[in-house]
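Asks: next one to model:
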Amino acid sequence: MREWLRHGRRGAWAAACAATLLLASLAIAGLAAWHFSSFVVVPDHSPWAEAVDVEAVSPGRIELTRTEPAERPGYFGLVWQGGHAIVGPIVDSGADRVTRRLRDVRGYLEPGTPAGFDSSVYSGDPRESLGLPFRSVAVPDPLGPMPAWLIPGAGRTWAIVVHGINDDREIGLRIAPALHRAGLPQLLISYRDDLGAPSGPDGHHHMGETEWRDLAAAVRYALGHGARRVVLVGYSMGGALVAQLMERSSLSNRVAALVLDAPALDWRAILEFNAERMGLPGFLALPVEWAIGARIDPEWDGLDAVSHPEDFHLPVLLFHGEEDEVVPIATSEAFAAELPRWVTLYSVAKAGHTQSWNVDPRLYDQRLRRFLQETKKRPVTEMITGR
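Replies: As a prediction, the model looks like this:
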């Protein structure tokens, strides 16, 4: 009997230990899921750039330590404390260093200066960075005035440019000259929880589910100031705002075309992709989904644009970098495959997240201008009916 009790106590102790470990594991998993959900739902406007090491600076040239960011093809902004420049293509490379073109230096730059690459390239307002005329305007919105830049143009079709999560209007400056040459007035907008913009009711990002209303306010502003139609341009989560407007708003019948760059078209797929990229099974994205659901209660199916192809029967120009480590290119490929009549997809080699323009600005702008020219030829009735 005593032996049986001894074994029973051991079994109970083992069961208690196992239960404790299970609870601890669940608690750790829950905390990890909550932590990773914050990357999606909590606004974070701290400065961000991929660090590069400056080895030498000479007129029109900069030498950088050979690293993955320093070797990326194309054009990037170089940012440092109190300064900004534009770094161009590689002109020479050695075992330890790469030499790239350097222009438009503002501020003092010397070897050893802590600096980083910014894929937005330009810094400042449209006049300061590009010499384009503009006005700062406030778009009326139910939450309060949303700051925007208005670059004038002669046409009656306006471009409304929407940046991604925790980004800002400067990303739209890359294509501003091409849109300006095409004659489109441009509205580079802010939305809730941006710096300088009103906060949402709960202070959280909602993956486009609420932010699209701020885009709708911008569309109404454009229509009230002379626009007949609009072209919506969305980067990353800006693409989710565009998709939500097309799915939810009666204003979608005033949209002539979409231009999307690495758009967030399927948030579940994005979470699974990032879990796998960290070396975890894709199903481990589920706890993060649950944490996001506990914080903002999204309608997941509504955040999957591929599930709503009927809402996108209009011309769509879509760029996506083949080396995107944030939004999987597979989501853009699935969207294009679902809508072959409407979507023109350009997969860009060696381009990271929203870096398709950076790799080859001339080709990107050429494709954009050709798309806009073809869109102009389509009758307004065809735009509205999708026929």
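Asks: number of nearby residues for G293?
Replies: Counted with other CB atoms under 10 Å, the neighbours of G293 add up to 13. Glycine gets a C-beta too; all of them are placed from N, C-alpha and C.
Asks: residue nearest the centroid of this protein?
Replies: Centroid-nearest residue in the chain, with CA atoms, centre = their mean: S236, separated by 2.4 Å.
Asks: my understanding was that that residue contacts G164; is that so?
Replies: Yes - counting by CB atoms under 8 Å, S236 touches G164, with 2.9 Å between them.
Asks: for G94, give its distance to A349.
Replies: According to CB to CB, to the nearest Å, G94 stands 24 Å off from A349.
Asks: actually V52, not the one I wrote
Replies: Using CB to CB, one gets 22 Å for the distance from V52 to A349.
Asks: out of these two, name the residue with the larger neighbour count.
Replies: More neighbours surround V52 than the other of V52 and A349, with 25 against 11 (other CB under 10 Å).
Asks: quick one, phi psi at that one?
Replies: As for V52, its main-chain torsions (degrees, to the nearest 10) stand at phi -130, psi 150.
Asks: is E71 located within a helix, as I assumed?
Replies: No - applying DSSP: H, G, I helix; E, B strand; the rest coil, one finds E71 to be coil, outside a helix.
Asks: hmm, it is touching I90, no?
Replies: Yes - using CB under 8 Å, E71 is in contact with I90, at 7.1 Å.
Asks: name the residues contacting each of those two.
Replies: V98 (CB atoms under 8 Å, 6 or more residues apart in numbering).
Asks: can you pull the contacts of the residue nearest to the centre of the chain?
Replies: 163-165, 167, 261-264, 326-327, 353-354.
Asks: need those residues in JSON lines with pLDDT, neighbour count and distance to L223, can you?
Replies: As requested, the contacts of S236 are arranged in JSON lines below (pLDDT from 0 to 100; neighbours: other CB atoms under 10 Å; distance: CB to CB, whole Å):
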{"residue": "H163", "pLDDT": "98", "neighbour count": "25", "distance to L223": "21"}
{"residue": "G164", "pLDDT": "97", "neighbour count": "23", "distance to L223": "25"}
{"residue": "I165", "pLDDT": "95", "neighbour count": "21", "distance to L223": "27"}
{"residue": "D167", "pLDDT": "95", "neighbour count": "20", "distance to L223": "25"}
{"residue": "D261", "pLDDT": "98", "neighbour count": "30", "distance to L223": "24"}
{"residue": "A262", "pLDDT": "98", "neighbour count": "30", "distance to L223": "28"}
{"residue": "P263", "pLDDT": "98", "neighbour count": "31", "distance to L223": "23"}
{"residue": "A264", "pLDDT": "98", "neighbour count": "28", "distance to L223": "26"}
{"residue": "V326", "pLDDT": "95", "neighbour count": "17", "distance to L223": "33"}
{"residue": "V327", "pLDDT": "97", "neighbour count": "28", "distance to L223": "30"}
{"residue": "H353", "pLDDT": "96", "neighbour count": "18", "distance to L223": "32"}
{"residue": "T354", "pLDDT": "97", "neighbour count": "27", "distance to L223": "28"}
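Asks: starting at the chain centroid, how far to stretch 45-62?
Replies: Distance of stretch 45-62 from the chain centroid (CA atoms, centre = their mean, to the nearest Å) equals 22 Å.
Asks: same question for stretch 264-281.
Replies: That offset, for stretch 264-281, works out to 15 Å (CA atoms, centre = their mean).
Asks: please apply the same query to stretch 238-258.
Replies: That offset, for stretch 238-258, works out to 16 Å (CA atoms, centre = their mean).
Asks: can you tell me the element Q366 falls in?
Replies: helix 361-377 (DSSP states H and E).
Asks: host element of the closest residue to D365 other than its chain neighbours?
Replies: Distance criterion CB to CB, 6 or more residues apart in numbering; nearest residue to D365, sequence neighbours excluded, is A178 at 4.1 Å. According to DSSP H and E, A178 maps onto helix 176-181.
Asks: buried ones in that helix?
Replies: Using 16 or more other CB atoms under 10 Å as the burial criterion, the residues of helix 176-181 that qualify are 176-180.
Asks: got it, and stretch 53-61?
Replies: For stretch 53-61, by 16+ other CB under 10 Å, it's 53-55, 57.
Asks: returning to that earlier point: where's the residue nearest to the centre of the chain relative to P73, distance?
Replies: 20 Å.
Asks: V57 is in contact with E110, correct?
Replies: Yes - E110 is within contact range of V57, at 6.2 Å (criterion: CB under 8 Å).
Asks: alpha carbons only: can I get stretch 176-184 in CSV?
Replies: Output in CSV follows, covering the C-alpha atoms of stretch 176-184 (Å, rounded to 0.1, in the frame of the first residue of the first chain):
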residue,chain,number,x,y,z
ALA,A,176,5.9,62.3,-58.4
PRO,A,177,7.9,63.5,-61.5
ALA,A,178,6.4,60.8,-63.7
LEU,A,179,2.9,61.6,-62.5
HIS,A,180,3.6,65.3,-63.0
ARG,A,181,4.8,64.8,-66.6
ALA,A,182,1.6,62.7,-67.2
GLY,A,183,-0.4,65.8,-66.2
LEU,A,184,-2.0,64.3,-63.1
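Asks: so how far is that stretch from its chain's centroid?
Replies: With CA atoms, centre = their mean, you get 21 Å for stretch 176-184.
Asks: swap in stretch 312-325?
Replies: The chain centre lies 12 Å from the centre of stretch 312-325; the measure is CA atoms, centre = their mean.
Asks: in contact with V57, which residues?
Replies: V57 neighbours (CB under 8 Å, 6+ apart): 63, 102, 109-111.
Asks: so, low pLDDT: which residues of the stretch 151-300 of the chain?
Replies: The stretch 151-300 of the chain contains residues with pLDDT under 70 at 279-283.
Asks: where do the helices of it begin and end?
Replies: 176-181, 212-224, 237-248, 267-277, 285-296 (DSSP state H, counting those that start in this stretch).
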